[in-house]
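Engineer: I would like to see how this sequence folds:
(2 chains)
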Amino acid sequence: MTQKKQLNVSAIENGTVIDHIPAKSLFNVISILGLHKFDNLITFGTNMESQRFGKKAIIKIADKYFEKDEINRIAIAAPLAKLNIIKNYEVIEKRVVEVPDNIEGIVKCVNPKCITNVEAVTQKFQVIDKKNVSLKCHYCEKITDQEHMIYL
Amino acid sequence: MKNKSLVAINDLSKEEIIKILDLAEEFEKNPIQNILSKKVVATLFFEPSTRTRLSFESAVNRLGGRVIGFSEAANTSVSKGESLKDTILTVANYSDLIVMRHPIEGSARYASEVSPVPIINAGDGANQHPTQTLLDLYSIRKTQGTLQNLDIFLVGDLKYGRTVHSLLMAMSNFGATFTFVAPKELQMPSEYKIYLNEIGLKYTEQTDLNENLENADIIYMTRVQKERFSDPVEYEKVKNVYVLREKMLQNTKENMRVLHPLPRVNEIHADVDKNPKAYYFPQAMNGVYTRMAIMSLIFGLQ
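Structural biologist: Sure thing, here's the model as predicted:
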């Protein structure tokens, strides 16, 4: 009875692995993709040591492949994220996310006097800085930067 | 511009701006015309604004149109909790054009997206007020004979003042040189200075209103508001520094004119009013011609 109990989070047979997520953005990525509503087997690890980020997070989603537009939505929270597409335990494709020119929904406008924070109006932004991710509101024209982003 | 909304000054190209100013000039020569006789214009003022509302209504009336609307939200369905969208969709049934002032920023853009009739933004919070900018441009061109290469002094609250930001953006089409005169707390935001650097226009900053006025073609005054200061002591220190007095105009150029979007409180002393270089009341008159031009272009009439 000395068999060591081990939780196997390492490999998935088929699905998607999202790597290089900044640890602090993990739950934002989960909520942007709506993973909390999935029935698929999902494992994630966070606060893993990373040379690039300090602390990174990783998500593994079994039996799920994302469309490009769908996955690019996470770019504002994890602009350097990498995707591994897995089939039969093999990585068959690697992808990076692209920060889109415009985004709808996902985050709140930082301006409390903006119409999107007063009426039921879908947030729309122009991405004016793709590197540091800062967003210009289509309606009130105020800038929401990464530091002040509140995810919907 | 036909059937299009006017939400922000940067929605207009340089050519469209000039077209509006040219047409406003025609209206100034011949301000009583019956071209809006079959039109109903709604003026929805969710917050009060005497000058803007009256000049729009005056413009419609002089062109033979009819005006419906309200001047504050208190006695309307808005106070019962009606959404802006519902108000706009309802009023669009009763009118051919909606002029709207609203305290919430971005409300005009949103209204223009849901409305079946064109919207003219008459001010959405601290965001945009394009018809003010157009009447400022009209006043500058009329008094200087050109918009090109002028020396513009912007004075007062340059940090929060939406009129100075819009004027700066519009005048940057015409190669202006800017002087920013403001207390340290209220200086021009860096995004505008970066923009001027990028397009290669010169600007200087100073805190003393008395300096360099002899260079100015236009002195554009704005109010320094007490509520903008976190430290009341700082306000007390600067409140009397940004007051323009007649004696300060002595060495200014002949063509120089003093502009102000109004209402003024004490930033232009009453002794300036009688000086021929004071132009803020004629500037308010120009608002009528400019708004006539904007509305007739939106209606596709001339």
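
Engineer: now do the contacts for residue A:126.
Structural biologist: A:101, A:102, A:135, A:136, A:138 (C-beta atoms under 8 Å, 6 or more residues apart in numbering or on different chains). Every residue, glycine included, has its C-beta placed from N, CA and C.

Engineer: beta-bridge partners for it, please?
Structural biologist: Judged by DSSP bridges, the bridge partners of residue A:126 are residue A:102, residue A:136.

Engineer: distance check, it against residue B:150.
Structural biologist: The gap separating residue A:126 from residue B:150 is 31 Å, by C-beta to C-beta, to the nearest Å.

Engineer: so which residues on the stretch 51-200 of chain B come close to chain A?
Structural biologist: Contacts of the stretch 51-200 of chain B with chain A, taken as C-beta under 8 Å from any C-beta of the partner chain, map to B:83-85, B:103-107, B:109-110, B:124-128.

Engineer: nearest to residue B:174, of these?
Structural biologist: Using C-beta to C-beta, residue B:128 comes nearest to residue B:174 of those, at 19.7 Å.

Engineer: could you measure from the residue nearest to the closest one when sequence neighbours are not counted over to residue A:104?
Structural biologist: Spatial nearest neighbour of residue B:128, excluding adjacent residues (C-beta to C-beta, 6 or more residues apart in numbering or on different chains): residue B:8 at 4.4 Å. Applying C-beta to C-beta, the value for residue B:8 to residue A:104 is 20 Å.

Engineer: now residue B:59
Structural biologist: For residue B:59, the distance to residue A:104 (C-beta to C-beta) stands at 37 Å.

Engineer: secondary structure class for the closest residue to residue B:192 other than its chain neighbours?
Structural biologist: Computed as C-beta to C-beta, 6+ apart, the closest residue to residue B:192 that is not its neighbour in sequence is residue B:168, at 5.8 Å. Of the three states, residue B:168 takes helix according to DSSP: H, G, I helix; E, B strand; the rest coil.

Engineer: residue B:178 is in contact with residue B:168, correct?
Structural biologist: Yes. Shown here, residue B:168 and residue B:178 form a contact pair, counting by C-beta atoms under 8 Å, at 6.6 Å.

Engineer: residue of chain A closest to chain B, please.
Structural biologist: Chain B sits closest to residue A:139 of chain A, with a gap of 2.7 Å, by C-beta to the nearest C-beta.

Engineer: per-residue pLDDT, the closest residue to that residue other than its chain neighbours?
Structural biologist: Using C-beta to C-beta, 6+ apart and skipping residues adjacent in sequence, the residue nearest residue A:139 is residue B:106, 2.7 Å away. Looking at residue B:106, its pLDDT reads 97.

Engineer: show me what contacts residue B:106?
Structural biologist: A:114, A:115, A:116, A:121, A:137, A:138, A:139, A:140, A:141, B:124, B:127 are the contacts of residue B:106 under C-beta under 8 Å, 6+ apart.

Engineer: for the residue lying closest to the first one once chain neighbours are set aside, the count of nearby residues, please.
Structural biologist: Pointing back at residue A:114 there. Spatial nearest neighbour of residue A:114, excluding adjacent residues (C-beta to C-beta, 6+ apart): residue A:140 at 4.0 Å. Close neighbours of residue A:140, defined as other C-beta atoms under 10 Å in any protein chain shown, add up to 26.

Engineer: thought residue A:140 was touching residue A:118?
Structural biologist: No. In this structure residue A:140 lies outside contact range of residue A:118 using C-beta under 8 Å: 10.2 Å.

Engineer: residue ranges in chain A under the pLDDT threshold?
Structural biologist: A:1-10 (pLDDT under 70).
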